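Visitor: Test case, fold it:
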Amino acid sequence: MTPFPSRPRRPFTRRLATLAVVAGVIATALPSAHAQAQPQLDSPLRIVVGYAPGGATDRVARIVGDKLAARLGVPVVVDNKPGAGGRLAAQQVKATPANQNVLMLANPAVMIVAPLVFKDSGYDPERDFVPVSHVNDYDFALAVSPTLPVRELSHLLAWMRANPAQANVGVPATGSLPHFFALMVGEKAKVPTQVVGYRGSAPLLNDLLGGQVPVAVDTADVVLPQHDAGKLRILALSGAQRSAFAPKIPTFKEAGLDLSATGWNTFFAPASMPKDKVERLSRAIQAVMQDPDTTRRFKDSLMTPVVSTQAQTVAMLKAYRAQWAPVVQKSGYQP
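Guide: Here you go, the predicted structure:
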């Protein structure tokens, strides 16, 4: 019987080459898998908000937090720490140890205005924090009471010049961004501006609707629903372009006053957080802000979503400080 022919053996060098190819394929796949897993954290993430639940900054934190939880693979908790106009939260986040996962969502009142007007705010925004990602912008609205017979900004400014004793402008809080924007408007228009601070937007709107204060400046998301309902009139919005939420309302520039400004919400990490973790969180937030459902939820809240890298966020903050610091300092405001 003829023996079954044995299979010729491949040369040893050829087998080595095959193994090298297989190893190369595995090695190539590993970085991809690592990159996919990298956004996940090893413990829950806490987002600190320096205001009570229900406000605009709190809403932003919860919209982004909901999406981050799935992306990071850990629970995300919004931690409201109201007090001292947001400064209490900043002081607490500043002191966070490096091994804790915590971010602060803050607005210009906390990170721009407070360090300028308080002798000791308890933190240095540039030394104690690292910008992570800028996530939304919002306009300021100048609105008039239905009892005031003006329908254009130029008419209002003429009325304020003719009635300086009555030219009171209500704002939701002294030392707030609407406060300084109202002063910015008065200086640019060269009209007397007596700013009246309220304890929040609700009492301000009540007095504006009732005619107790003739003019108000507040964030657009607060005032627009009342304007749309015909209960008051917004004469101008502060953005550089017309708002997608109110395309019929002119900007200040269109209304004859060369002025534009916006507010924002931005995530910050304590300076103690490792750089690679900050970058990881920044990328995760950027991905969340590109989600169509996130965009929809922001627009439902009358706020403009923003997708911003760390570098873009740093540049935005630098330009913002340059715009607002002179206004705040010139006002002579003291808490």
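Visitor: make it CA atoms for all contacts and neighbour counts henceforth
Guide: Will do.
Visitor: how about the helices in the chain?
Guide: Ranges of helices in the chain, per DSSP state H, are 12-37, 56-72, 87-94, 108, 114-117, 153-162, 177-189, 201-210, 220-228, 275-289, 292-300, 310-331.
Visitor: Same list (these) but as CSV, adding distance to T266, mean neighbour count and mean pLDDT.
Guide: CSV is the format used below for the helices of the chain (distance: least, C-alpha to C-alpha, whole Å; neighbours: other C-alpha atoms under 10 Å; pLDDT from 0 to 100):
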stretch, distance to T266, mean neighbour count, mean pLDDT
helix 12-37, 25, 11, 42
helix 56-72, 9, 19, 95
helix 87-94, 13, 22, 96
helix 108, 9, 19, 94
helix 114-117, 16, 19, 92
helix 153-162, 31, 16, 96
helix 177-189, 15, 21, 94
helix 201-210, 22, 18, 95
helix 220-228, 17, 18, 95
helix 275-289, 11, 19, 97
helix 292-300, 14, 15, 95
helix 310-331, 8, 14, 93
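Visitor: Of those helices, which is nearest L237?
Guide: Ranking those by distance to L237, with C-alpha to C-alpha as the measure, places helix 220-228 first at 7.4 Å.
Visitor: Could you list every helix and strand that that closest one packs against?
Guide: When contacts are defined as 3 or more C-alpha pairs under 8 Å, 6 or more residues apart in numbering; DSSP states H and E, helix 220-228 sits against strand 140-144, strand 233-237.
Visitor: What helices and strands are in contact with the first one?
Guide: Helices and strands touching strand 140-144, as assessed by 3+ C-alpha pairs under 8 Å, 6+ apart, comprise strand 215-219, helix 220-228, strand 233-237.
Visitor: coming back round to it: quickly compare the helices and strands packed on helix 220-228 and say which is most buried.
Guide: Of all the helices and strands packed on helix 220-228, strand 140-144 has the most neighbours on average by mean count of other C-alpha atoms under 10 Å, namely a mean of 27.
Visitor: Kindly reformat the helices and strands packed on strand 140-144 as TSV and extend each row with distance to N101.
Guide: Formatted as TSV, the helices and strands packed on strand 140-144 follow (distance: least, C-alpha to C-alpha, whole Å):
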stretch	distance to N101
strand 215-219	31
helix 220-228	31
strand 233-237	38
